[in-house]
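S.K.: model this:
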Amino acid sequence: MRNRHFRRTARTSVLGTAALLAALTLTACQGDDQAAADSAPAPSAPSEQPSDSPKAPADQQKDSTGSDADSGSASGSDSVSSSGSTHAEPAAQKPKGTAKDTGADSGPVTRACDGGNTKVTITAVTRPINHMLLTVTNTGSKACNAYYHPFLAFGEAQAVPPVYEESKPQAVVTLSPGQSAYAGVMTSSADGSGEGGYSTKDLTVSFQNRQGSGSTGPSSNVPLAKPVYVDSTLKVTYWQATMTEALTY
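M.R.: Prediction:
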């Protein structure tokens, strides 16, 4: 009887001990799970916009300079303005041609002045002595160039008079419609040293071509108010832009 009671007590003690160990083990497992949960990283927040969301309004896509952020850089020679219109690069402009120290031009081809697009007059002047002023005026509708110097023929002269080389301008004189150019003419020597003098009321003026290799276009017959005396010292200047320059020589 005593042994049976002892065995029951021992069995109860073993069962109690086992239950206690199981409870302790469960408590430890729960503590480990809680620690693991505390140390796990927090889940990442979802993105603010889905990948297929519509683009922001156009005015929000421009950067601080006012250009479209996704437009990229322009290629080729054309450029795009802020209004979206395309502008071609301006064509390179040719420099206006003037021939320095030659009396001829190197710019765009312009028609030479001649007797068909000008009016020519000649007048006597008091200074310099024995000089006259030749004036050519563009009567056409387009500009013309008064190249080099005029070819003069007084009366029945067989040769044109020489030119004052020092009067050569830096550039050809271009005449717009209505504008004039001038040339000074020394008709005879003041001291009577000239030879072969004669008087005439006839004067023919011819114009030089662009190359300076001869005359061009029709000549002009210039009426003289009274006979003009000329001799071997007859000389002419290059065409000048002003009367003052023409009468300097």
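S.K.: by residue count, tell me the biggest strand in this protein.
M.R.: As assigned by DSSP state E, the longest strand anywhere in the chain is strand 215-230.
S.K.: show residues contacting that one.
M.R.: With Cβ atoms under 8 Å, 6 or more residues apart in numbering as the test, strand 215-230 has contacts from 112, 114-122, 132, 151, 154-155, 157, 187-188, 197-210. Every C-beta, even on glycine, is put in place using the N, C-alpha and C of the backbone.
S.K.: got the residue ranges for the strands in this structure?
M.R.: 79-80, 86-87, 118-124, 131-138, 144-146, 151-154, 173-175, 180-186, 198-208, 215-230, 235-236.
S.K.: and Pro128, what does it touch?
M.R.: Neighbours of Pro128 in contact, by Cβ under 8 Å, 6+ apart: Gly184, Met186, Leu247.
S.K.: still on that earlier bit, buried deepest among the strands of the chain, which one?
M.R.: By mean neighbour count, with neighbours taken as mean count of other Cβ atoms under 10 Å, strand 144-146 ranks first of the strands of the chain at a mean of 27.
S.K.: can you name every helix or strand that it contacts?
M.R.: When contacts are defined as 3 or more Cβ pairs under 8 Å, 6 or more residues apart in numbering; DSSP states H and E, strand 144-146 packs onto strand 173-175.
S.K.: rewinding a little: hey, what's the angle from the longest strand of the chain to strand 131-138? Just curious.
M.R.: Here strand 215-230 runs at an angle of 150 degrees relative to strand 131-138 (axes from the mean of the first three to the mean of the last three Cα atoms, to 10 degrees).
S.K.: now do strand 215-230 against strand 118-124, angle only.
M.R.: Computed by the same axes, to 10 degrees, the angle between strand 215-230 and strand 118-124 is 20 degrees.
S.K.: who does strand 215-230 pair up with?
M.R.: The strands beside strand 215-230 in its sheet (DSSP bridges) come out as strand 198-208 (antiparallel).
S.K.: nearest to Asn138, of the contacts of Pro128?
M.R.: Nearest to Asn138, judged by Cβ to Cβ, of the contacts of Pro128 is Gly184 at 19.5 Å.
S.K.: and that closest one, what does it touch?
M.R.: Applying Cβ under 8 Å, 6+ apart to Gly184 gives the contacts 128, 131-134, 164, 167, 236-237, 240, 246-249.
S.K.: please apply the same query to Lys235.
M.R.: Pro161, Pro162, Val163, Tyr164, Val185, Met186, Tyr249.
S.K.: look up the closest residue to it, ignoring the ones flanking it.
M.R.: Nearest residue to Lys235 in three dimensions, chain neighbours excluded: Met186, at 4.7 Å (Cβ to Cβ, 6 or more residues apart in numbering).
S.K.: bridged to the one you found, which residues?
M.R.: Residues in beta-bridge contact with Met186 (DSSP bridges): His131, Lys235.
S.K.: picking up where we left off before, I'd like the contacts of Lys235 as a markdown table, with pLDDT and distance to Ala225 appended.
M.R.: Converted to a markdown table, the contacts of Lys235 look like this (pLDDT from 0 to 100; distance: Cβ to Cβ, whole Å):
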| residue | pLDDT | distance to Ala225 |
| --- | --- | --- |
| Pro161 | 95 | 21 |
| Pro162 | 97 | 26 |
| Val163 | 98 | 25 |
| Tyr164 | 97 | 25 |
| Val185 | 98 | 15 |
| Met186 | 97 | 19 |
| Tyr249 | 92 | 24 |
